[in-house]
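Engineer: heads up, no residue letters with this:
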C-alpha cells in the first residue's frame, strides 16, 4: 500500500512533502542533541526490524490469501515522534533499494502511515500517564492497532480516489472509499490482535521498548 | 535399524557445492563428535538431517524412515549455536511447551513433558522468567529443554559450549553424557568432543575426510593440521604448542 | 608512567554492586590476561576503563591522564565479543575509517591509517565488502582493524576467540602476540590466555582475587576450582580431566 | 508463513560503469536530477509526455545502464500503478470516445490515466539513474553535502547496514520455530501468537543490539563532531551537465504552466 510516483497532482504532492519534512523537523527539534545521538542506533535498528516484520506474509483465507502487517500502531507506541524520521528513512530505502513506493510521494506515504502512528503514540502516552496495564492496556492496544490500519487505509484510498479528476461522481467516490476501507477490516482485526499480543510481550520482556520517548528540550 | 543413515548426500547452492557425497551410519545411542573448520558444511549437514534443506542428491533416513524436507520431524532435535536464535517465547515455560503444543499433545501431556525437561536440565526455578533476562548458560539449558520436551531420539548440538563459562560448560558436558539419546555434537571445543564422543567425524569441504576413535583421530597431528585443526592439549601433553606464528608485516 | 592505573575502582548498578574495589597497575607493553566466571564484572570493568561507564567510586588513569566518562578516548580501543555489534558501517572501508574520521584527521592521514590497519590484519582484499557477507574470522579482523586505525596504545579484547575456528583463532593469537601495544585479553579460552599473556588476573565477584604468572595462577587447581574455572590441559598433562560429573535425575 | 527475501542485486551492480552520468559529481547530480524529477511530477498535460519520454530515455541511454535492468525494476510498481488507474477511462470524464461492450471509454479519463503513467515512468526511471550510477554509500555521502541532516543520514546508513543482518536473524528464528513444529497454518490457534512472539523477539534483539552498537560508536568517537566530509571538486564538465539539466527542467516547467 504505497502511493506511487506520478499519481498525485501538483498541490498535493508538494503539500505532503512539505508537511512531512516539517513534522520530521519538528520531531527532531523536540529532542535535545545528545539524546538524538543515543536514539539514532535504536531508531535505526528498530526501523530495520519493522521493515523485516512488515514483509512477513501471514496466511489468510481466500481471496486475501495472505496479508502484511502495517505496524503503524506498534511504530507509534515504540518510537513516538521518531516514527516520522524512521518512516522517511524506511520508505526512502524501500524506494531506492527495492523500488517500492516513490521518491516524489515520500511525503504522502510518510504522512499516511505517520499520522495514525502519532495518534497511537498519544494514546499510549495517555495510557502511561494512567499507568494502564493488563486488560485496559490490552483494549487500548487493540483499538490502536485496529484504528491505525483503518486510518491509514482511509488516508490511502482517500488520497488516491480524491485526487483523481473531479469529473468523477462525488457520491461514487465516497462509496468506493468506504467499500475499499471495509474490505480491509480483516486486516485491521488481525493488526488489532497482533498489537494486543505484542504489547503484552514487550511489556513483559523489554518494557523499555514501549517507553523510548526522548526527553524533550525545555 | 540405524539411528541415522546418510547415503551419498549432496547439497549445493546455485554454483556453490557445500556437501559433496556424505555416507554415514549412526547406531542408536551413539554419541558422535563432528569437527572441522568453519565453512566445512556442518550447519548445512544438520539442516539436511532435520529436513530444513532438501538435499540436491542422496538421501537421509532417520530411524528407518526417510526425512521429508519441509515436514516436521519431532524425532530429531537441533540445538542451535546461539540459544537466542532458538528461544523466542515470553517465558521459559511457554518456550519449552512450544514444541509439544505443536505436536498436538493433550495439555496434561504437555505439562508433564515440560516439567520433566526442566528437571533434566535443572532449570525448574526459571519457569516463569523471561528467557531474554537469563545468563548465557541458563539460556543454553532452556534451549536444550525446549528440544528435549519433544522427546527426540536424536539430538544435534551445534557448538554447544560457545560463549559458556567453565561452570556452565561443565554442567553441559554432564548433561550430554548423562542422556541416553543418540547425539551429534559439532564443536571447535575439542576437549569437549573428547569428553562426550564415542566416535568422531572430521568434515572438510563437504566430505568426511576421517572418522574413528576420538583420541586416535584428534591425536593425529598431521591429519588435524591438514584440516586447519589442532590436536587438543590433553592428547598432547609433552610438546608445548608452537608459540604464535610470526606475524607478517 | 603506567599504561593503566585503577585505584579503588567501584561500580554499582542501583542496589547491585558489580566492581568492588579494584586496584591495578599495568605497565606499557604488558599483555594482561583476565579470567573469571561470567558475571565476574569483566565487561563492566572494560566499560569503566574506556569511559563508557562512570565509576561510582575510585579512579581510572590512562597513560597518566584521568579517563573522563562520556569523552572520546582514542588511546584505548575495545574489541567487542560480537564483531557484528561493532562493525556498524555498510562497508569494511567505511567502518575502519569511522574512528580516524571522528578524530578529525585529514583525508590522506585517514586513508593511510585505514590502509595500514587493513594490512596489519590482512584484510585489504575485503575493503569494498559488506560486513554481513564476511565469515566470523574476517569480521573479527575487521573489528580489530577498526580499532587499530585509531592507533590506541591500549587494546582490550573481550573474548576474542569466541566463535572462531582454529585457523582464525591461530591467526588472531599471532596478531595479538605480534603487536606492540599494551593489551588486556579476557577469555574463557585459557589456552589462548596462556599463549598471549605475560600476567594474568583472576576476577570474581568484582574483585581481583589472584594475579601473577599465567602458568602459576592457572596451574593452581584449588584456586581455579574455587572460582569456577579449570586448569588448562596444557598445564596439567598427566591427570586426565575427570569425566563428567554424574548427572542428577 | 513466509518472509521477505532481500535482494541486494540492483543497488550497486552498475555503480562502477563509466558513463557521463557515472562521472558527474554526486552533489550536483543529485540536486539536478531531483529538480528534473520535480519538473516531471509537476507536468499536468499529456501533450508534454513525448518530450518527457525523450528526455528520460535519453538520460537512461547515456547512463549506460542495461534496459533489461530498467524492465526488471519497473515490473512490480508498473503493475501496481496500472491497477490503480485502469478504471479511470471508464468512469472519469464526459466525452465518450468508444464503447467496448457495456463499458464506455471517456477521453478525460484516458488522458488522465496516460498522464499518471507517463509521469510515473519518467520519475521512476530518472530515480533509477540517479541511484544506480554510483554506490549507495556515495549517494548518502553526497546527501550530507547537500545539507541532508546528519542524524537522518546516520539513520539511513545504520538501517541499511542492519537490514540484512536482522533479516538473516529473522529467518534463523523462523527455522528454529519450524523445527519445533510451527507450520504457520491459518487455522492453528497459535499461529498469530507465534508470529507475535517471533516479531517481539526480533524487536527485543534489535533493541539490545542497538545498545551495543551505540556503545561501539561512541567508543570510536561518534558525536564528537570531529568528522568532516570531503567531496571531490566539480569540474567544468560537471557544471555543464548541471546547467543543461537545469535548463531542461525549467523549460519543462514553464511549458507545462503555459500549456495548462
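Structural biologist: Sure, I can see it. All values reported here derive from a predicted model rather than from experimental measurement. Numbering: from 1, shown residues only, chains lettered A, B, ... in the order given.

Engineer: quick one, what contacts the residue nearest the centre of chain B?
Structural biologist: Centroid-nearest residue in chain B, with Cα atoms, centre = their mean: residue B:157, separated by 1.7 Å. Counting by Cβ atoms under 8 Å, 6 or more residues apart in numbering or on different chains, residue B:157 touches B:79, B:176, B:183, B:184, B:185, B:186, B:187. Yep, even glycine has a C-beta here, placed from its N, CA and C like the rest.

Engineer: and it, how close does it get to chain D?
Structural biologist: Distance, residue B:157 to chain D, by Cβ to the nearest Cβ, to the nearest Å: 14 Å.

Engineer: can I take it that that residue is in a strand?
Structural biologist: Yes. The assignment for residue B:157 by DSSP: H, G, I helix; E, B strand; the rest coil puts it in a strand.

Engineer: how far away is the residue of chain D found nearest chain C from residue C:116?
Structural biologist: Chain D approaches chain C most closely through residue D:221 (2.8 Å), counting by Cβ to the nearest Cβ. As judged by Cβ to Cβ, to the nearest Å, residue D:221 and residue C:116 stand 18 Å apart.

Engineer: more neighbours, the two?
Structural biologist: residue D:221 (22 against 17; other Cβ atoms under 10 Å in any protein chain shown).

Engineer: what does chain A put close to chain C?
Structural biologist: residue A:41 (Cβ under 8 Å from any Cβ of the partner chain).

Engineer: give me the pLDDT for residue 183.
Structural biologist: Picked chain A for this. Model confidence at residue A:183, expressed as pLDDT, equals 81.

Engineer: oops, I was thinking of chain D
Structural biologist: 83.

Engineer: again with the one 5 residues further on
Structural biologist: Among the per-residue scores, residue D:188 shows a pLDDT of 66.

Engineer: same question, residue B:155
Structural biologist: Model confidence at residue B:155 (pLDDT) stands at 97.

Engineer: cool, residue B:244 as well?
Structural biologist: The model's pLDDT for residue B:244 equals 43.

Engineer: ok, residue D:95 next?
Structural biologist: Looking at residue D:95, its pLDDT reads 80.

Engineer: that one reaches residue D:107, doesn't it?
Structural biologist: Yes. The criterion here is Cβ atoms under 8 Å, and residue D:95 meets it with residue D:107 at 4.0 Å.

Engineer: more neighbours, those two?
Structural biologist: For residue D:95 and residue D:107, the more surrounded residue by other Cβ under 10 Å is residue D:107, and the numbers stand at 15 against 12.

Engineer: so that one sits against residue D:93, correct?
Structural biologist: Yes. Counting by Cβ under 8 Å, residue D:107 does reach residue D:93; the two are 5.7 Å apart.

Engineer: and the helix-or-strand element of chain A with minimal mean pLDDT, what does it pack against?
Structural biologist: Lowest by mean pLDDT, DSSP states H and E among the helices and strands of chain A is helix A:170-183, with a mean of 75. The contact analysis (3 or more Cβ pairs under 8 Å, 6 or more residues apart in numbering or on different chains; DSSP states H and E) places helix A:170-183 against helix A:134-162.

Engineer: neighbours of the closest residue to residue B:11 other than its chain neighbours, how many?
Structural biologist: Excluding the flanking residues, the one nearest residue B:11 by Cβ to Cβ, 6 or more residues apart in numbering or on different chains is residue B:19, at 4.2 Å. By the criterion of other Cβ under 10 Å, residue B:19 has 27 neighbours.

Engineer: could you do the one 3 residues further on as well?
Structural biologist: The local packing of residue B:22 (other Cβ under 10 Å) involves 22 other residues.

Engineer: hang on, it in a strand?
Structural biologist: Yes. Applying three-state DSSP, one finds residue B:22 inside a strand.

Engineer: wait, it sits on residue B:205?
Structural biologist: No. Using Cβ under 8 Å, residue B:22 makes no contact with residue B:205, being 11.4 Å away.

Engineer: let me see the ranges of the strands in chain B.
Structural biologist: Along chain B, counting by DSSP state E, strands occupy B:4-13, B:16-26, B:31-35, B:57-62, B:65-66, B:76-79, B:154-158, B:182-186, B:199-204, B:207-212.

Engineer: ok, which of those comes nearest residue D:34?
Structural biologist: Distance to residue D:34, taken as Cβ to Cβ, is lowest for strand B:4-13 among these, at 39.5 Å.

Engineer: next, the angle strand B:207-212 makes with the closest one.
Structural biologist: Counting by axes from the mean of the first three to the mean of the last three Cα atoms, to 10 degrees, strand B:4-13 lies at 150 degrees to strand B:207-212.

Engineer: by contact count, what packs against strand B:4-13?
Structural biologist: Judged by 3+ Cβ pairs under 8 Å, 6+ apart, the packing partners of strand B:4-13 are strand B:16-26, helix B:42-50, strand B:57-62.

Engineer: now tabulate those in JSON lines and tack on mean pLDDT.
Structural biologist: What follows is those, written out as JSON lines (pLDDT from 0 to 100):
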{"stretch": "strand B:16-26", "mean pLDDT": "95"}
{"stretch": "helix B:42-50", "mean pLDDT": "95"}
{"stretch": "strand B:57-62", "mean pLDDT": "95"}
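
Engineer: quick one: closest of the ones you listed to residue B:133.
Structural biologist: Closest among these, using Cβ to Cβ: helix B:42-50, at 27.7 Å.

Engineer: now do that closest one: distance to the chain's middle.
Structural biologist: 10 Å (Cα atoms, centre = their mean, to the nearest Å).

Engineer: what does that helix rub up against?
Structural biologist: B:4, B:6, B:9, B:11, B:18-19, B:22, B:34, B:36, B:53-55, B:60, B:62, B:67, B:73, B:76, B:78, B:81, B:154, B:156, B:158, B:184, B:186, B:203, B:206, D:175, D:179.

Engineer: quick one: buried residues of that helix?
Structural biologist: B:42, B:43, B:44, B:45, B:46, B:47, B:48, B:49, B:50 (16 or more other Cβ atoms under 10 Å in any protein chain shown).

Engineer: which two among those are spaced furthest apart?
Structural biologist: Greatest spatial distance among the buried residues of helix B:42-50 (Cβ to Cβ): B:42 and B:50, at 12.8 Å.

Engineer: OK, contacts around residue A:42?
Structural biologist: So residue A:42 contacts A:212, D:207, D:210, D:211, D:214 (Cβ under 8 Å, 6+ apart).

Engineer: so which helix or strand takes in it?
Structural biologist: helix A:33-54 (DSSP states H and E).

Engineer: tell me the contacts of residue A:147?
Structural biologist: The contact partners of residue A:147, by Cβ under 8 Å, 6+ apart, come to A:73, A:116, A:119, A:120, A:188.

Engineer: write out the residues of chain B neighbouring chain A.
Structural biologist: Residues of chain B lying close to chain A by Cβ under 8 Å from any Cβ are B:90, B:91, B:130, B:132, B:133.

Engineer: so where is the chain shaky, pLDDT-wise?
Structural biologist: Here I'm looking at chain A. Where chain A drops to pLDDT under 70, the residues are A:63-64, A:164-170, A:212-218.

Engineer: that's the wrong chain, I wanted chain D
Structural biologist: Those would be D:1-11, D:186-189, D:226-228, if you go by pLDDT under 70 across chain D.

Engineer: quick one, strands of it?
Structural biologist: Counting by DSSP E, the strands of chain D are D:96-100, D:103-106.

Engineer: tell me which of these is the most buried.
Structural biologist: strand D:103-106 (a mean of 16; mean count of other Cβ atoms under 10 Å in any protein chain shown).
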